[in-house]
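Asker: what's the 3D shape of this:
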Amino acid sequence: MQTIQSAGVTRSTSRQHPRVRILTPFSCSLSSVGTGWWFRKSVHDVGLVHDLSTRGVCLSTDAPIEPGDQVFLTLRLTKSAPPAEVAVATVCWRYQQFYGLAFTRVSESVSRQLTEYINATGEE
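Answerer: Reported below is the predicted structural model:
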């Protein structure tokens, strides 16, 4: 594994999809996706993004989610751009309050937005 560090960003190159470690975590919001969700009151929990790729994210949250759960995820990548909305992200793992989520359903425009953010953050 090769690790590249530049201006407060650590980038790992041993993964299939490049990711950036966010040294100053930014906020996100998540809500459950599941059968019958339209009957329940919408619950939006917040979290902090610590690691991001075009195919997933590592975040910390107090939300009541477990591996196997599916969530709708909103990422505020920059203040000037609209939020990136991931239609479905699946919780893959949990360690204390940290969670790894794989993006299961992402629009083409959000995929481009994530790629641009990762490329710009890695160049800083």
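Asker: Now stretch 79-96: average pLDDT?
Answerer: Confidence for stretch 79-96, expressed as mean pLDDT, is 92.
Asker: How far does that stretch sit from its chain's centre?
Answerer: Distance of stretch 79-96 from the chain centroid (Cα atoms, centre = their mean, to the nearest Å) equals 3 Å.
Asker: again with stretch 100-109
Answerer: For stretch 100-109, the distance to the chain centre is 9 Å (Cα atoms, centre = their mean).
Asker: what's it in contact with?
Answerer: Taking contacts as Cβ atoms under 8 Å, 6 or more residues apart in numbering, the residues outside stretch 100-109 that touch it are 54-59, 70-71, 73, 85-94, 114. For glycine as for every other residue, the C-beta is placed from the backbone atoms N, C-alpha and C.
Asker: do that again at 7 Å, thanks
Answerer: Contacts to stretch 100-109, defined as Cβ atoms under 7 Å, 6 or more residues apart in numbering, come from residues 55-59, 70, 73, 86-93.
Asker: if I pick Val49, what's in contact with it?
Answerer: If you count contacts by Cβ under 7 Å, 6+ apart, Val49 has them with Ile22, Pro25, Phe26, Cys28, Val57, Leu59, Leu75.
Asker: next one: Val33
Answerer: Gln70, Val71, Phe72, Val88.
Asker: how close does the third one sit to Cys92?
Answerer: Relative to Cys92, Phe72 is positioned 16 Å away (criterion: Cβ to Cβ, to the nearest Å).
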